[in-house]
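Asker: pasting the sequence and the predicted coordinates here, then a few questions.
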Amino acid sequence: AALLSAMVMMGNFAGTVPAVEVHAAETALTIPKSYSSVDLGYTPAVRSQGSYSNCWAHAALGSVEISMIKNKVAPAAEVDLSESHTVYYVYRPVADPLGGTIGDYTAVSGETVYTMFHTGNQISDTEEALLGWMGPVSEDDFFDYGYLVSNHNDVSSYEGLNDVEHAYGNRAATVVDSVIVRNNQEEMKRVIMDYGSVSISYNSNAAYFDYEHSSQYCGTLESVTHAVTIVGWDDDFSKENFVTTPEGDGAWLVRNSWGAGHGINGYFWLSYYDKTISGGHGYRAVAPDKYDHNYRYDKGGTDNGYVNGVEKGNVEAANIFRIQNEKEILKAVQFGVQWINSNYSIQIYKNPTDASQPSTGEALLETPIQGTKALSGKYTVDLGKDIILEKDDVIAVAVTYSTNNPDGCPAAQTGNVGVCNPGESMYRVNGGEWKDCAGPAGKNFVIRAFTADVTEESESHTHDWSEDWSGNALAHWHDCEGSSECVYEE
């Protein structure tokens, strides 16, 4: 039920990301003239990718590390995630522990460990591995490049690491959100303030680098060649501080992966007006033990899917899961949206009486959880109550999507390289009959259920947060659960 898109690689990174129309998110949040996650203590030590072309993994994991520190998952001195683990399992993924992605595969090249580490890739490929809980793991919990080349270099030696323990064990954090950020100053600044950083790509040609001011500016449209992590900005950084003069002042503070000896202790300034900047991702990470199980059918890259652009109106999409352990607590739902300013509504149906009609089950949420996502991406929403489920209970996790976008439904579906089996993903339009997504071109919805194991302690402390949740949830600029309006509160 999934895909990690095969991309045309260029230099240290990947092919050019298509341009997008800029739509600044509406918000009451005041953006300061300068900001630095470094000054706030959110950044770990600068890493070095050495001679390898795995900047894409460094950029993404750098954002995850910063989120871990910002969200107090671990102190900065203890945060050091394994790029080797991420690179390895992006190219050689393992089916998830619950079996929902069995039969899927990843459409990226890399027959040997050598080619994996010396081939550029997309930050989005890293996103899919991390949101699927294949990592991140700490540097000390996985093998380095030298060991991998010596022991697991080619496909024939893949079996040595082709197991759930290596791919999914020892998570240092759980990545719960990945927001897609366009190359728009206001949008990027808001995500940096909320998530701590944004991983992006740009053209890193040294001809555009000013060594006196550790600054970069390319004034022509060129292919991206490198991935980095933006951690702040300064609106007053002078336009005179570049090799050639951009159209205005202002620059991004960038954390690189070329060691602390490059730039300003590993950081440099990238002009707001650099013509090669491609929008990237903001990640949110939480403690690794917040959830125990990730029920899903999608393994990889997101595609618009056949529902998008065809079905318009209120599209209710559902993934149907069977609980596999004796007792679990349903804690949260993760889903993907393809368009900006997408409205959603979440409901859980338990044990449908008609397998072809998910809504014939018991509705477990007295009031559906509703909200609006200003940006496209994948988001996790806590349900606000502990829902106890037993082994073999069937739940239909349903997300109703609506948007003013003329292209149709914003629901995210998986790409073409995967398996969508009957009874896994279904949808209906405006309350009509349910349709099964299975078929020759079938694609699963990016809808997941996060559960926790029931222990004696958790069972005695279960709590219904619905009263606290109704209308009083803290709403970030992009995250409006529990409120009919998006109002930012600090």
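Answerer: That came through fine.
Asker: quick one, longest strand in the chain?
Answerer: Determined from DSSP state E, the single longest strand within the chain is strand 377-390.
Asker: just checking, next helix/strand downstream of that one?
Answerer: Downstream of strand 377-390, the next assigned helix or strand under DSSP states H and E is strand 394-402.
Asker: shaky segments in the chain?
Answerer: Residue ranges of the chain with pLDDT under 70: 1-29, 105-111, 156, 158, 300-312, 403-408, 415-417, 457-490.
Asker: please name the bridge partners of the residue positioned nearest the centre of it.
Answerer: Compute the mean C-alpha point of the chain, and by C-alpha atoms, centre = their mean the closest residue is Ser178, 2.8 Å away. With DSSP bridges as the criterion, Ser178 is bridged to Tyr283, Lys378.
Asker: which parts of the longest strand of the chain are buried?
Answerer: By neighbour count on 16 or more other C-beta atoms under 10 Å, the buried set for strand 377-390 is Gly377, Lys378, Tyr379, Thr380, Val381, Asp382, Leu383, Gly384, Lys385, Asp386, Ile387, Leu389. Bear in mind the C-beta positions are built from the backbone N, C-alpha and C, glycine included.
Asker: could I get the full set of helices for the chain?
Answerer: Assigned by DSSP state H, the helices in the chain fall at 55-70, 83-91, 113-117, 123-131, 145-152, 164-168, 185-195, 456-460, 466-469.
Asker: mean neighbour count, those helices: which tops it?
Answerer: Comparing the helices of the chain by mean neighbour count (mean count of other C-beta atoms under 10 Å), helix 55-70 ranks first with a mean of 29.
Asker: chain center to that one: distance?
Answerer: 11 Å (C-alpha atoms, centre = their mean, to the nearest Å).
Asker: which stretches of the stretch 101-250 of the chain form strands?
Answerer: Listed in chain order, the strands found in the stretch 101-250 of the chain under DSSP state E, counting those that start in this stretch are 174-180, 198-202, 209-210, 215-216, 226-234.
Asker: show me what the first one packs onto, helices and strands only.
Answerer: This points to strand 174-180. For strand 174-180, the elements it packs on are helix 123-131, helix 185-195, strand 278-286, strand 377-390, judged by 3 or more C-beta pairs under 8 Å, 6 or more residues apart in numbering; DSSP states H and E.
Asker: quick check: angle from the longest one to helix 185-195?
Answerer: Same thing as strand 377-390. Angle between the axes of strand 377-390 and helix 185-195 is 30 degrees (criterion: axes from the mean of the first three to the mean of the last three C-alpha atoms, to 10 degrees).
Asker: give me every residue that touches the residue lying closest to Asn241 once chain neighbours are set aside.
Answerer: Leaving aside its sequence neighbours, Asn241 sits nearest to His213 (C-beta to C-beta, 6 or more residues apart in numbering; 4.0 Å). By C-beta atoms under 8 Å, 6 or more residues apart in numbering, His213 lies in contact with Asn241, Phe242, Trp269.
Asker: report the buried members of these.
Answerer: Among these, those classed as buried by 16+ other C-beta under 10 Å are Asn241, Phe242, Trp269.
Asker: quick one on the thing from earlier: who wins for proximity to Met68 among the helices and strands packed on strand 174-180?
Answerer: Proximity to Met68 (C-beta to C-beta) singles out strand 278-286 among the helices and strands packed on strand 174-180, at 4.9 Å.
Asker: would you put the C-alpha positions of the closest one in CSV?
Answerer: What follows is strand 278-286, C-alpha atoms only, in CSV (Å, rounded to 0.1, in the frame of the first residue of the first chain):
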residue,chain,number,x,y,z
SER,A,278,13.0,24.7,-2.5
GLY,A,279,10.4,24.4,0.3
GLY,A,280,10.8,21.6,2.7
HIS,A,281,9.5,19.9,5.8
GLY,A,282,8.9,20.8,9.5
TYR,A,283,8.9,17.8,11.9
ARG,A,284,7.4,17.3,15.3
ALA,A,285,8.7,14.6,17.6
VAL,A,286,7.5,13.3,20.9
